[in-house]
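Engineer: kindly return the folded structure for what I paste below:
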Amino acid sequence: MTTIIVGIDGTVRGERALEWALAQTRLVADPQLHLLTVVDPHALRGTGVSEVDATQGAENLIASVQRAAAESNPGLGITTTVAHGGIVDALIDAADQSDLIVLGSHHGSSFSEAVGGAKGLRVSVSTNVPTAVIPSDWTAAGQHEPGIVVGVGPDDVSESAVEFAVTQALATDQPLELVSVWGLPPVISRPAEAMGGGLAPVGRQFQEQLDVRALQLRTRHEDLDVTGRSIEGAPASQLTAAAAGRRMLVLGTHSRTVLGRALFGSVSHGVLLDLRVPTVVVPNV
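Structural biologist: Numbers count the residues shown, from 1 in each chain. The predicted model follows:
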């Protein structure tokens, strides 16, 4: 059984998360969809809404969403939970019984959206399952360029992300692009060309590594269309640009570590703050 948890909050971002999750259920065997909404007593302070009333509203909301999803997807197993407490904590607690967490988020750089992006990343670095964050303006019927992009780093943090991306590419018959971003530290903003071309061999080395990895994947999966691309620049912005208009961006992150919880992951955090396409953060476990 493949269990997919979807965060439901009564907004358009929750609707987009559900739409994306329903599409995922059609790609796996024996899917189970679990709808989760959270009543946060702390967030209710000063609103004049009691926890009892908020709970009743949450139960009504999730029951309505469940009915609509069941009508449009007959035969799909759908369960629900109304949890109490912090949103992130509730999602982390539920993750142990799931294979994928799906959340919705607006894209942008305002404070509120920064908090939203951080929630998705806080969940992803605290669980052993992938976390998908879906832009509120995404729709399954929208115009998408073919392809799935996966960020490949210099260490092993990308291994699980690559495997997830391969599975998605094969299931959806999409081409897969491995992208490595390299360059000088942000404090030194000049590109390699401005340094007299001295860093050009670094880019070639990254490209050679990607070519080898792509060949290995093609050898293992004859039906997989996979290529690699090395890009100079800031990782978050370049990965966002590389995935613009595509079906999905997949990133890797370390999971369940004190350092990971404290610092999150600068690349994943940067991408989620400028969310443009469905982005899946996959812990390397």
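Engineer: now stretch 275-282, how far from the centre of its chain.
Structural biologist: 4 Å (Cα atoms, centre = their mean, to the nearest Å).
Engineer: can you get me the start-to-end distance on it?
Structural biologist: Length of stretch 275-282, first residue to last, Cα to Cα, to the nearest Å: 16 Å.
Engineer: I'd like the mean pLDDT over that stretch, please.
Structural biologist: Predicted confidence along stretch 275-282 averages 93 (mean pLDDT).
Engineer: and stretch 58-75, by the same measure?
Structural biologist: Stretch 58-75 comes out with an average pLDDT of 96.
Engineer: okay, buried residues for it please.
Structural biologist: For stretch 58-75, a neighbour-count test (16 or more other Cβ atoms under 10 Å) marks A58, L61, I62, V65, Q66, A69 as buried. Yep, even glycine has a C-beta here, placed from its N, CA and C like the rest.
Engineer: closest to G228 out of those?
Structural biologist: G228 lies nearest to A69 out of the buried residues of stretch 58-75, by Cβ to Cβ, at 38.1 Å.
Engineer: would you map the strands across the protein?
Structural biologist: Secondary structure of the chain (DSSP state E): strands at 2-7, 31-39, 77-84, 100-105, 131-135, 148-151, 176-182, 226-232, 248-253, 279-283.
Engineer: mind listing the strands the last one pairs with, and their directions?
Structural biologist: In its sheet, strand 279-283 lies beside strand 131-135 (antiparallel), strand 248-253 (parallel), with partners assigned from DSSP bridges.
Engineer: one step back: switch the strands of the chain over to TSV; also include mean neighbour count.
Structural biologist: As requested, these are arranged in TSV below (neighbours: other Cβ atoms under 10 Å):
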stretch	mean neighbour count
strand 2-7	23
strand 31-39	22
strand 77-84	16
strand 100-105	26
strand 131-135	26
strand 148-151	26
strand 176-182	22
strand 226-232	18
strand 248-253	27
strand 279-283	26
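Engineer: closest to D93 out of those?
Structural biologist: strand 77-84 (7.5 Å).
Engineer: got the contact list for that closest one?
Structural biologist: The contact list for strand 77-84 (Cβ atoms under 8 Å, 6 or more residues apart in numbering) reads 31-41, 51, 55, 58-59, 62-63, 66, 69-70, 90, 93-94.
Engineer: now with 6 Å?
Structural biologist: For strand 77-84, contacts defined as Cβ atoms under 6 Å, 6 or more residues apart in numbering pick out 32-39, 58-59, 62, 66, 69-70, 90.
Engineer: lowest-confidence helix or strand of this structure?
Structural biologist: helix 258-263 (a mean of 40; mean pLDDT, DSSP states H and E).
Engineer: please consider this matter closed, and thank you.
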